[in-house]
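Engineer: Fold the following and give me the result.
(2 chains)
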Amino acid sequence: MSSDKTGAVMVVGAGIAGIQASLDLAESGYYVYLVERSSAIGGTMPMLDKTFPTNDCSMCILSPKLVDAGRHRNIKVVTLAEVREVAGEAGDFSVTLGVQPRYVDPDKCKSCGECADACPQDVPDAYNQGLSERKAVFKLYAQAFPNAYTVDKENCLDCGACVDACQADAIDHGMEGETLRVQVGSIIMAPGFTAFDPKALEYYGYGRLPNVVTSLEFERILSASGPYAGHLKRPSDGREPQKIAWIQCVGSRNRRIEHGYCSSVCCMYAVKEAVIAKEHSAAGLDTTIFFMDMRTYGKGFEKYYNRARDENGVRFVRSRIYEVRPGAEDAERLLIRYGDEQGVLRYEEFDMVVLSVGMEPAADAVTLARKMGLPLNQYNFLEPAPLSGVATAKPGIYVAGAFAGPRDIPETVTQASAAVGESGLLLAEARGTMVSEREFPPERDVAGEQARIGVFVCNCGINIGSVVNVPEVVEYARKLPNVVLAEGNLYSCSQDSLVAMGEAIAANKLNRVVVASCSPRTHRPLFQETLREANLNPELFEMTNIRDQCSWVHQAEKVKATAKARDLVRMAVAKAALREPVRRVSVPVTKAALVVGGGVAGLTSALTLAGQGYQVHLVEKENSLGGLAMRFSEGLRGEDTGSCLREMIAGVESHPLITVYTGREIAGVAGYVGNVVTTLTDGREIRHGVTVLATGGEAYSPTEYLYGRDGRILTNLELDEKLAELAGAKTFVFIQCVGSREPGRPYCSRVCCSNSVKTALKLKKEDPGRQVFILYRDVRTYGILEELYEEARRSGVIFVRYDVDDKPVVSLEDGRLKVTVTEPVLGDRLVIDADILSLAAAIKPAAANTRLSQLFKVPLNEDGFFLEAHLKLRPVDFASDGVFMAGVAHAPKNLEENIAQAKAAAGRACTILAKDRLESHGVVAVVDPAKCAACLTCVRLCPYNAPRIADYAATIEAVLCQGCGTCAGECPNKAITLQSYNDKTFVASVDGLFTEVS
Amino acid sequence: MEEFEPKIVAFCCHFCAYSAADLAGSMRLQYAPNIRIVEMPCSGTIDHRVLLKALEDGADGVFVAGCMEGDCHFLKGNYRAKRRVSHVKDLLRAIGLEPERLEMYNLSAAMGPRFAEIANEMTARVKGLGPSPFRKQTGGDA
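Structural biologist: Numbers count the residues shown, from 1 in each chain, chains lettered A, B, ... in the order given. I've put the predicted structure just below:
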């Protein structure tokens, strides 16, 4: 290992894993090279319509992260790039990148699309899965970063039409590729996956029958920004389908094509697509999902499945698909030939068939991994080293996301943060050595000054100017109150215009600036920087959008568009006059963490944090560390959990930065992110900046199947402990879903299927003469764990599905333990004389969660597990800053997943601990104590716990406030205002609109 | 007489509705030029008084547009906005102004076409209602 470490990290792949890892790294003090093969960051998420199980719009939740990553000072995004060579070792790698030319200068490109309009060459649009066309000069998708076009040279005619059309002179067909060399301390591999191409499986008809589409194509069909603008249509004739079928496991759980794994996400996305498709259909859509096992094992998934079936009317058919072929009478329809669970051959016609295609590793990622000497599994996934969550065979190289094996978005995001936590262990000493912060000159005090407003109206080449009469708007702006300067720009955002703007601010003593151009979403920060450089507070800026929301949408109505632009400028000027400087509040950070829970998750978080130089206080209510996992004999894939745990405990107990408090609980909590004082039950006070809740879970003690009445009836956990004593037992029966997926506990406990299958296999291996039965509802051996299921069946383990309405019956007769179950294929009762009955008992949330949720003011979900800030993109954060969760405290999960999440919680916590001071998030709500009646409305309303009452009035902790203004809107006495967005400014805008100036 | 061109004020949340309006622009969807957007961090920021003031100033129509229900970037601001809009509608009814001049919409950042649709829908609705009685001057200056 290198002794001279580099404080920079390379992230390969800019999908959601790469973006999350980059943001966490940059916020933790590391410089990031985010390397992406395509022309924009985003990966697969921008293509998705909605995301399960919240039905959140995928683009809505992703685009703020795109902007954050794209604009981050310490993240260098390198698109159109591939990794050519990696040399060196952990701590100091030299990486050579090959960068393809974009043929468009992203600094000059205004993303107006004139080039694409002029381009004569149509190319199938891969973003829309080929369901529509784009031009040879294109932008990957509307919200893409870099916000610039790209020439697709392979399809370019070299006609020069785009060059002529570009007013910004951004296109250069002579650009050449380049080679970049960068030094990094570690590498995070996050190249994602490609969707399985079902053409190889001819019996599905994909490629021959136009109305057979892949699930990714269907996402685009559903999407409002997709090829059919969100109208549900079938490709062959554009008619709205009345009846759609989903076929599961296409390219997954299929050993014949060497895809013996489960792709983990397809069950949920198919259910989601069926539910959303129904919402899109006016006529009442008939939806059917053909499946083998319904694998809705994640947090909130089982409820989603139940709702889809019981409330939305999605039909689920357990089946084997033989063939999809043209309909008998109408060839545009599709006939599915399938066998039902009893093996009866059936036929059914549909208007459209969606193939739920699985994931496979991207070919170039496989090539790269091989070149880097990283061993892949038999399916070419880069599986993490056992019980590491993220480690690869090479020190300093980590893996995150679907390249590590199929997984959904929250697990991908978790793993990305975990890789950051792990990388920090290696590079802590180099933290902060490569990053920089921008310095601005001191701000001029504008208090008491009459407003002096400068207005800059952008032509955006001809994007605005060809529709809106810009000179007229500029002339008009000059007459508005407080305006001392108004100018038109060809491009307000170009470097020369920004320099001129800075000079104009100084020369005219401007104290407010209005820019009328494009969207503040993309350009406000740029102009605010110009203000800061010109000694003005960035909040003295107002922007109005006369392009995306005016010239582009009223192209044929030039007079009305100009009138609208005048209105918008008038509104902005009126509002600008009331703008006040906003000073960011900052608080020092106590660089210590409190970890609650001394199980695997808590131990892992503690070690990951302490390894980066932070003080850790670990509190465990029991008298010893280790938690429930101390009772496991091994991991799901035979990992030696015992020695792993012993090593962790020894590491924690001997670490100079970790203090362990066993036999104690949390008694009180005061303060907020950065500075919390927690009191333990023994009265000791702990000061810390962040908190990780890793309270683990509890084993359900079954009340069903005669548990507790006979020594031969055990839970899986008890069986695991007693295995050595049971050498003589010949017949074993496992019953799954004991206490899970039941009315009182409607969630799936996730690990029990794999756990029973693993134990069954072990029993068979010890003595092949044994009979082992697993009575299940759905076998949920997701991901690579599917191999266990496959192996168990080959070894002769007998799987019998039971129906929830016809559960197995356990009886004791004359000392014999009998299990009776209805065998669904034959429909007969099967009676098993069992030597041992093992119950796959549910995982329950820790009882302590309720009290901790009150103490730390963080929410629990209906099942009693902690509720994260966002199910998709913030899987380890609470909505309140500075509190994180890890392990079963969040939801049931296996050991490997617990470790990943614990590292992720540590990784996320480091984004706070790495800072000396925490700053408020720009605009925040402030209280006028004279007006506050301490009615608690704001305290009850705020999801971030920012307001609290002190001295008979509310105060809002600036560093906790996220600036939504909901409290300001609701405050009955108008004691609260949101800075820069208070009612006065809204009223000023509206007044401005209706105050004509002649 | 010149055709009545209403002025409609749209309070749009930054993360969804405002983004959807931008997307409608990127997609070059053409819609009625009668909407004046005011950007706000979250639809939950909107106050009763601001809605009433807009109508009092002479807005022919007003709408608040937030994220889809359950999708609020700030968790539940859009539910608060919905309640406030509904309350202000009651007030309008009480003073004899058509409550249809005010509406709450929910849309996601990917719903550019829906934004254009809402703009047209609201414009057509307000045209049907005629100019606001509070309008200070008539005129086709939209």
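Engineer: okay but residue A:308 is in contact with residue A:315, surely?
Structural biologist: No - taking Cβ atoms under 8 Å as the definition, residue A:308 is not a contact partner of residue A:315, at 9.8 Å. All C-beta atoms are positioned from the backbone trio N, CA, C, and that covers glycine.
Engineer: More neighbours: the two, which one.
Structural biologist: Neighbour totals were compared for residue A:308 and residue A:315, and residue A:308 leads with 25 against 13 (other Cβ atoms under 10 Å in any protein chain shown).
Engineer: quick one: contacts for the more buried one?
Structural biologist: A:271, A:274-275, A:314 (Cβ atoms under 8 Å, 6 or more residues apart in numbering or on different chains).
Engineer: Same check on residue A:882?
Structural biologist: Here residue A:882 is in contact with A:672-674, A:676, A:689-691, A:909, A:912 (Cβ under 8 Å, 6+ apart).
Engineer: Can you give me the neighbour number for the closest residue to residue A:810 other than its chain neighbours?
Structural biologist: The shortest distance from residue A:810 to any non-neighbouring residue, by Cβ to Cβ, 6 or more residues apart in numbering or on different chains, is to residue A:705 (4.4 Å). By other Cβ under 10 Å, the residues close to residue A:705 number 20.
Engineer: what about residue A:705, distance to residue B:111?
Structural biologist: Residue A:705 is 50 Å from residue B:111, where distance means Cβ to Cβ, to the nearest Å.
Engineer: returning to what we had before: which of the contacts of residue A:882 sits closest to residue A:721?
Structural biologist: residue A:691 (32.9 Å; Cβ to Cβ).
Engineer: three-state assignment of that closest one?
Structural biologist: The three-state assignment at residue A:691 reads strand, by DSSP: H, G, I helix; E, B strand; the rest coil.
Engineer: mind checking how far it is from chain B?
Structural biologist: 20 Å (Cβ to the nearest Cβ, to the nearest Å).
Engineer: burial measure for that residue, as a count.
Structural biologist: 27.
Engineer: now it, which residues is it bridged with?
Structural biologist: residue A:594, residue A:883 (DSSP bridges).
Engineer: what's it in contact with, if anything?
Structural biologist: Contacts of residue A:691 (Cβ under 8 Å, 6+ apart): A:593-596, A:676, A:678, A:856, A:882-884.
Engineer: so which of those is the most crowded?
Structural biologist: residue A:595 (35 neighbours).
Engineer: what residues are up against that one?
Structural biologist: Counted by Cβ under 8 Å, 6+ apart, residue A:595 has contacts A:602, A:605-606, A:609, A:616-619, A:691-692, A:694.
Engineer: How about residue B:73?
Structural biologist: Residue B:73 neighbours (Cβ under 8 Å, 6+ apart): A:60, A:64, A:964, B:13-16, B:42, B:67.
Engineer: Show me the strands in chain B, by range?
Structural biologist: B:8-13, B:35-40, B:61-66, B:102-106 (DSSP state E).
Engineer: Residue A:495: which of those is closest?
Structural biologist: Of all these, strand B:35-40 comes closest under Cβ to Cβ, at 26.2 Å.
Engineer: just the angle between that closest one and strand B:61-66, please?
Structural biologist: Relative orientation of strand B:35-40 versus strand B:61-66 (axes from the mean of the first three to the mean of the last three Cα atoms, to 10 degrees): 40 degrees.
Engineer: now what about strand B:35-40, what contacts it?
Structural biologist: A:520, A:545, A:549, A:564, A:567-568, A:571, A:965, A:981, A:986, A:989-990, A:993, B:7-14, B:18, B:21, B:46, B:119, B:122-123.
Engineer: coming back round to it: if I look at the residue nearest to residue A:810, what pLDDT would I see?
Structural biologist: Residue A:705 is assigned 98 on the pLDDT scale.
Engineer: In a helix, it, correct?
Structural biologist: No - per three-state DSSP, residue A:705 lies outside any helix segment and is coil.
Engineer: Residue A:74 against residue A:33, yeah?
Structural biologist: No - taking Cβ under 8 Å as the definition, residue A:74 is not a contact partner of residue A:33, at 10.4 Å.
Engineer: quick one: which of the two has more around it?
Structural biologist: Using other Cβ under 10 Å, the more surrounded residue of residue A:74 and residue A:33 is residue A:33, with 22 against 19.
Engineer: ok, now how distant is the more buried one from chain B?
Structural biologist: For residue A:33, the distance to chain B - Cβ to the nearest Cβ - is 28 Å.
Engineer: Nearest residue to that residue in space, please, no chain neighbours.
Structural biologist: Nearest one to residue A:33, counting by Cβ to Cβ, 6+ apart, is residue A:10 at 4.6 Å.
Engineer: Quick check on the one you found: phi, psi?
Structural biologist: phi -100, psi 130 (degrees, to the nearest 10).
Engineer: does it really touch residue A:36, like I thought?
Structural biologist: No - assessed by Cβ under 8 Å, residue A:10 is found out of contact with residue A:36, at 11.5 Å.
Engineer: Neighbour count for these two, which is higher?
Structural biologist: Per other Cβ under 10 Å, whichever of residue A:10 and residue A:36 has more neighbours is residue A:10, with 26 against 23.
Engineer: does the closest residue to residue A:262 other than its chain neighbours sit in a helix or strand, and which one?
Structural biologist: Excluding its sequence neighbours, the residue lying closest to residue A:262 (Cβ to Cβ, 6+ apart) is residue A:786, at 4.2 Å. Taking DSSP states H and E as the definition, one finds residue A:786 inside helix A:786-794.
Engineer: Identify each buried residue in that helix, please.
Structural biologist: A:786-792 (16 or more other Cβ atoms under 10 Å in any protein chain shown).
Engineer: can you tell me which of the residues you listed lies nearest to residue B:57?
Structural biologist: Checking the buried residues of helix A:786-794 one by one against residue B:57 (Cβ to Cβ), the nearest turns out to be residue A:786, at 63.8 Å.
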